[in-house]
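**Student:** below: sequence and its predicted model.
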Amino acid sequence: MSWFIKKRQQKIAVEEKTVRVPEGLWVKCEACKELIYRAELVNTRNVCPKCGYHFRIGVEERLNDLMDPGFVELFGNLHSTDPLKFVATKPYADQLKKLRDSGYDHDAILMVEGTLKGSPVVLGVMNFDYLAASMGSVVGEKIRLGAEEALKKNCAFILVSCSGGARMQEGTLSLMQMAKTSAALARLDEAGLPFLSVLTDPTTGGVSASFAMLGDLNIAEPKALICFAGPRVIEQTIKQTLPEGFQRAEFLQQHGMVDKVVTRDQLRDFLAYCLGWMMGSAAHDQ
C-alpha cells in the first residue's frame, strides 16, 4: 500500500513542476497580435518583423535614430506650471511633480540642435509618456523658440509629433499655442527655411490642427493615426461607417494631406535627402 502512495506523490510532484518565463521577454504586436521576442525588436528599430507595425519609441531612441552624435539640448530650463490651479481626478500640480520626480525634466517635448547626416538642424521630439505629449504652454514656447533658433542659424526645423492634442489642464492657454506655433512657422516660411513635419502614431487634436500639418513636407510613419477627432467619435456623430483605414497615414497620403509615408529604417536617409534638396547641403549626396 505504501508503494502505491509513494508513486502517487511522485506523480503529483511532477505535475506541479512548471517552467516560469521571465516577464517582459515577449511583446504582443498590437496589429497582428503575434508574440515577438523583445530582443528581436532592438534590431528592427521597434518595428514588428511579421507585419511591419511601428511600435511607439522613446525620445532618446528617436534622437539617436535621426541625429548625428554631439547634438545639444535647447531650452531645457522651461517647465510647466499650474496657472489655473486645475483639479480633476488628480490635481494638475501633483501630476507635474510626480513626473519631475520620475525624471521627466523636458516636459512633453525635447528640443535639440545638431546635424542630421551633416546637415544643420533644430529638431524637436514629442514625448508621449509625458501626459500623452499634450501641448501646453511649455510645448508651444519650445516650438516657437526652436523655430526662432532655426532662423538665427539659417537651418532647417524638424518636429516629430506624437500627441493626444492640447492639454486640457491649461485651458485656453493651451489652445493659444496653436496660433503661436503656426505664427512661428510662418516666419520660417517667409525666410525660405524648410520645416519638415514627421507624424507618428498618434498625432491628434490641437497638434494635428496646428503645427503638425503645416510642414513644407508632411512625412508619416506607416499606419500612424493622424486626426483631430478619433474615428469612433466621428462615427457616433455622423452615424455612418467610416472607410477602412480612415485617418491612417496611408489614407491621408492618398487624399493629399500627407506627402510621404516612410518606414522608420528609411526615415533618417529620407530626411537627409529632403534637406539636401531643399537647402542645397552636402546631405543630399550622403
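**Tutor:** In hand now; what should we look at?
**Student:** okay, CA-based contacts and neighbour counts for the rest of this
**Tutor:** Fine.
**Student:** run the chain-centre distance for stretch 144-152.
**Tutor:** Offset of stretch 144-152 from its chain centre (CA atoms, centre = their mean, to the nearest Å): 21 Å.
**Student:** what of stretch 87-99?
**Tutor:** On CA atoms, centre = their mean, the centre of stretch 87-99 falls 22 Å from that of its chain.
**Student:** next, the buried residues of that stretch.
**Tutor:** Along stretch 87-99, these residues count as buried under the neighbour rule (16 or more other CA atoms under 10 Å): Y92, A93, L96, L99.
**Student:** so Y53 makes contact with V47?
**Tutor:** Yes: using CA atoms under 8 Å, Y53 is in contact with V47, at 5.5 Å.
**Student:** endpoints of stretch 40-49, how far apart?
**Tutor:** 8 Å (CA to CA, to the nearest Å).
**Student:** centre of the chain to that stretch, how far?
**Tutor:** Going by CA atoms, centre = their mean, where stretch 40-49 is centred and where its chain is centred differ by 17 Å.
**Student:** so where is the stretch 151-286 of the chain shaky, pLDDT-wise?
**Tutor:** For the stretch 151-286 of the chain, the stretches with pLDDT under 70 are 281-286.
**Student:** hey, where'd the strands end up in it?
**Tutor:** For the stretch 151-286 of the chain, applying DSSP state E, counting those that start in this stretch gives strands covering 156-163, 195-203, 217-220, 260-261.
**Student:** L275 versus the spatially most central residue of the chain, what's the distance?
**Tutor:** What sits nearest the mean C-alpha location of the chain, by CA atoms, centre = their mean, is C162, with 3.1 Å. Separation of C162 from L275 (CA to CA): 22 Å.
**Student:** also L96?
**Tutor:** Distance from L96 to L275, by CA to CA: 37 Å.
**Student:** wait, isn't D201 in contact with I226?
**Tutor:** Yes: if you go by CA under 8 Å, D201 and I226 touch, sitting 7.2 Å apart.
**Student:** neighbour-wise, which of these two wins?
**Tutor:** Taking other CA atoms under 10 Å, D201 and I226 do not tie; I226 has more neighbours (30 against 23).
**Student:** mind listing what that one touches?
**Tutor:** L199, T200, D201, P202, T203, T204, S208, Q247, R248, A249 (CA atoms under 8 Å, 6 or more residues apart in numbering).
**Student:** spatially nearest residue to the fourth one (excluding sequence neighbours)?
**Tutor:** Among residues not flanking P202 along the chain, L225 sits closest, at 4.8 Å (CA to CA, 6 or more residues apart in numbering).
**Student:** what residues are bridge-paired with that neighbour?
**Tutor:** R248 (DSSP bridges).
**Student:** was I right to think it contacts A249?
**Tutor:** Yes: L225 is in contact with A249 according to CA under 8 Å; the separation is 6.5 Å.
**Student:** among those two, which residue is more densely surrounded?
**Tutor:** A249 (28 against 25).
**Student:** so what's that one up against?
**Tutor:** Here A249 is in contact with A220, E221, P222, K223, A224, L225, I226, V258, V261 (criterion: CA under 8 Å, 6+ apart).
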